[in-house]
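Engineer: Task: produce atomic coordinates for the following.
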Amino acid sequence: MRIRNVAIVVGILCLCAGICSAQFTSLVWNGATGTQIPVNVGSVTTVNVNAYPGMNYALLASKTRDVWYTDLGLLEVDLQDPAFTVGIDGFNPAHPRFSWGFVNGNGDFDFSFVPYPIASPIGDDIYFQVLAQDPTKLLGFSLSNFVGASSQALKPVVYSVEPRSTAPGGTVTILGDYLDGTPSVGQTPVVTMGGQTLTLISQSRNQIIAAVPIDGHSGSIRVHTDRGSSPDLYYNVKHYVVVAGNLVGEGLPGSELLDGHMSLVGEIDSPTDVDEYQIHLEAGEELFVEVFNYDAFNLVVKPYDPAAWQSVQLNSDLEFRMPGVPIDPLIYDNDGGCGFAAGIGTGNARRFVAPFTGDYSVTVGSAFEYSTGHYMLNTWTATGPTTGEPQLVGIHPNISTVGGVVEIYCFGVDLSDPSTISVEFQGANGSWLPTTPFLNAQGRLAAMIPAAAKTGHLRVRNAQNLVSSFDADDYPSYYVLLSQLAVETLNASYSGSMQIMGDISVTQEIDQFAWSLNAGDVVKVRAFPFDFDNTRVMKGEFFDPAWLDPEVQILPPVGQAPVIDIHSGPGIAAEIGLAIPPFVAATTGTYYIRVDSWFFLTQGPYLLDVEIN
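Structural biologist: Modelled structure (predicted):
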């Protein structure tokens, strides 16, 4: 009787009527007849009923299959099965779905039905036939062919987890469906949180209580059974548990240097407020950071709610820097963690493994002008990978000459043995120039730029012959090779490959340089925001008043179209020569290369790099 109730309430068998030339009806389930077809519980399946236009029919459905020979034909559905019901009755005008059961003159009408298991923990078999009017038969009715489907149970589904935050060793309650696996085969669920296995305390179909490991850290909850695994919804705050470490307050003893698994509660009391903390890392340690909005009144993590953006809550951002390395910042994030949490190594946030031992810094601020409030800064570490695809997080300096030495900050390599690592610079025509790195006086991985190197990306190859990847506009792996460096000079003419340090001192300024080119010269032009103090090209941010957002143009003589670019280079740099193909001079003469501010909104120093081949 339970199935009958479910069939009526959940209701919906998808019936499609097609036009046939004869006075008969047939039943086809997803293109097959007379076979068992696996159908996931809760999914919508399709049954095609091919019938004569205007024909009435009734759908016969059963939980068990029986075979009877009748005057109407071969009946394979057990109509006496009390556990099921006739789903659609097209003969009884009093039936609530009588009008739906009528195949109209156009031969089309849709219904829906969702198979639902009750009797068996792993699903139920469902069988269907159609009883249709057929004037060619003695009694005026006939039975269609039989089809059946084996209803398969769903994978576990997690609806929510409480509490949102806990201490190591604490318990969490998971609510959902199909959480208990198949007891008949002795299977019990496995619960993981960010890859860590939790200890089961109790389990049922709709609820699990589990204990967090004593050395546990934050992560997304997943349930694994013999039917499959719940999805990894790391971005959904309802699935995420924050595991707090040793808790300290902003400005209190213990907050000066964060080391290991620690949690700190602080406050951003104005949109311009920035809190900075030091985090000690050993070489090879992987860092994890998350910054959540915090309810200081109830002392609980309360993820930022964008629908309530005018209330007092913090949509945080963070910046991360290495000691003594002027990459500013090495990592920036405002929503890479769960929900709107800023993070490092969590969710979609960038990973970081310390390339050397030291006290690194992280700053917490507000992501936009209406965002203020308390936050919880949560940090923990793990042993970083030395295998797998290497990842390059930065180089310094990122401007140098042939023979210059650059430090490489990366992980996924064995830093204790540089001979197992290859550092590769870009050469001419897409080639790569491998070099063997070394540890410099500071114990950091370094490499010398080879003679045939060109401006472009650097990559790292490890002992497993796996190489770091990059996108064309990636900033951390990019370097500029200096060939001939000059300072911006008014009314000067230039030729050949060289670099010019200039400055857009007001937003409306345009710097234009005359360049002598020969017919057939292949020209690449790049413009970067530039840091004079640290002699670095910078990543910059769109519309950031601290840095120039450059635009470059090549203006040829009459007869050839100009070329313009704004953001094809690394970061916000403009670049003609990679995503935008190199410029080829059509004639010998004087061309003009122009640098200005995109939309005339920013100002600041720049480095112009012109490469001619």
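Engineer: Give the bridge partners for Ile268, please.
Structural biologist: Assessed by DSSP bridges, Ile268 has beta-bridge partners Gly373.
Engineer: what about the helices in the stretch 451-600 of the chain?
Structural biologist: Per DSSP state H, counting those that start in this stretch, the stretch 451-600 of the chain has no helices. Nothing in it meets that criterion.
Engineer: I figured Val552 was touching Ser597, is that so?
Structural biologist: No: with contacts defined as C-beta atoms under 8 Å, Val552 does not count as touching Ser597, sitting 11.3 Å away. Glycine gets a C-beta too; all of them are placed from N, C-alpha and C.
Engineer: What's the local residue count around the nearest residue to Leu517 once chain neighbours are set aside?
Structural biologist: Sequence neighbours aside, Ala585 is the residue nearest to Leu517 in space, at 4.1 Å (criterion: C-beta to C-beta, 6 or more residues apart in numbering). A total of 21 residues lie near Ala585 under the criterion other C-beta atoms under 10 Å.
Engineer: and what of Glu369?
Structural biologist: A count of neighbours around Glu369, defined by other C-beta under 10 Å, yields 9.
Engineer: residue contacts, the spatially closest residue to Thr199 that is not a sequence neighbour?
Structural biologist: Counting by C-beta to C-beta, 6+ apart, Thr199 lies nearest to Ala211, which is 4.3 Å off, once chain neighbours are set aside. For Ala211, the contacting residues are 169-171, 198-199, 201, taking C-beta atoms under 8 Å, 6 or more residues apart in numbering as the criterion.
Engineer: which of those has the most neighbours?
Structural biologist: Among the contacts of Ala211, Leu198 has the most neighbours (other C-beta under 10 Å), with 23 neighbours.
Engineer: Hmm, that residue is touching Val172, no?
Structural biologist: Yes: counting by C-beta under 8 Å, Val172 is a contact partner of Leu198 at 7.4 Å.
Engineer: Give me the common contacts of these two.
Structural biologist: Taking C-beta under 8 Å, 6+ apart as the contact rule, the neighbours common to Leu198 and Val172 are 210, 212.
Engineer: between Val552 and Ser597, which one's more packed in?
Structural biologist: Ranked by neighbour count (other C-beta under 10 Å), Val552 and Ser597 place Val552 first, with 26 against 20.
Engineer: So what sits opposite that one in the bridge?
Structural biologist: Per DSSP bridges, the residues bridged to Val552 are Asp565, Val595.
Engineer: so what's Asn534 closest to, chain neighbours aside?
Structural biologist: The shortest distance from Asn534 to any non-neighbouring residue, by C-beta to C-beta, 6+ apart, is to Pro326 (3.9 Å).
Engineer: What count of nearby residues applies to the one you found?
Structural biologist: Using other C-beta under 10 Å as the criterion, Pro326 is surrounded by 14 other residues.
Engineer: Now the contacts of Ala211 in TSV, please, with extra columns for secondary structure, distance to Tyr478 and pLDDT.
Structural biologist: Formatted as TSV, the entries for these read as follows, by DSSP: H, G, I helix; E, B strand; the rest coil; distance: C-beta to C-beta, whole Å; pLDDT from 0 to 100:
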residue	secondary structure	distance to Tyr478	pLDDT
Gly169	coil	45	94
Gly170	coil	45	95
Thr171	strand	48	96
Leu198	coil	43	97
Thr199	strand	47	96
Ile201	strand	51	95
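Engineer: Just name the closest of those to Ser469, please.
Structural biologist: Leu198 (33.9 Å; C-beta to C-beta).
Engineer: Who does the residue nearest to the closest one when sequence neighbours are not counted form a beta bridge with?
Structural biologist: For Leu198, ignoring the flanking residues on the chain, the nearest one in space by C-beta to C-beta, 6+ apart is Ala210 at 3.9 Å. The bridge-partner assignment for Ala210, based on DSSP bridges, gives Val172, Leu200.
Engineer: Isn't Ala210 up against Val190?
Structural biologist: No: counting by C-beta under 8 Å, Ala210 does not reach Val190; the two are 9.7 Å apart.
Engineer: more neighbours, these two?
Structural biologist: The residue with the greater number of neighbours, taking Ala210 and Val190 and applying other C-beta under 10 Å, is Ala210; the counts read 23 against 15.
Engineer: and the helix or strand hosting Ile395, what other elements does it pack with?
Structural biologist: Ile395 is part of strand 391-396 when elements are defined by DSSP states H and E. If contacts are counted by 3 or more C-beta pairs under 8 Å, 6 or more residues apart in numbering; DSSP states H and E, strand 391-396 sits against strand 405-411, strand 456-461.
Engineer: Next, format those strands as CSV and append distance to Ala341, mean neighbour count and mean pLDDT.
Structural biologist: Putting those into CSV (distance: least, C-beta to C-beta, whole Å; neighbours: other C-beta atoms under 10 Å; pLDDT from 0 to 100) gives the following:
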stretch, distance to Ala341, mean neighbour count, mean pLDDT
strand 405-411, 23, 21, 94
strand 456-461, 30, 22, 95
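Engineer: May I see those strands organised as TSV, with distance to Tyr294 added?
Structural biologist: Conversion of the helices and strands packed on strand 391-396 to TSV gives the following (distance: least, C-beta to C-beta, whole Å):
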stretch	distance to Tyr294
strand 405-411	31
strand 456-461	38
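Engineer: Could you pull up the residues touching Phe340?
Structural biologist: Shown here is Phe340, whose contacts under the criterion C-beta under 8 Å, 6+ apart are 293, 303-304, 306, 315-316, 334, 367.
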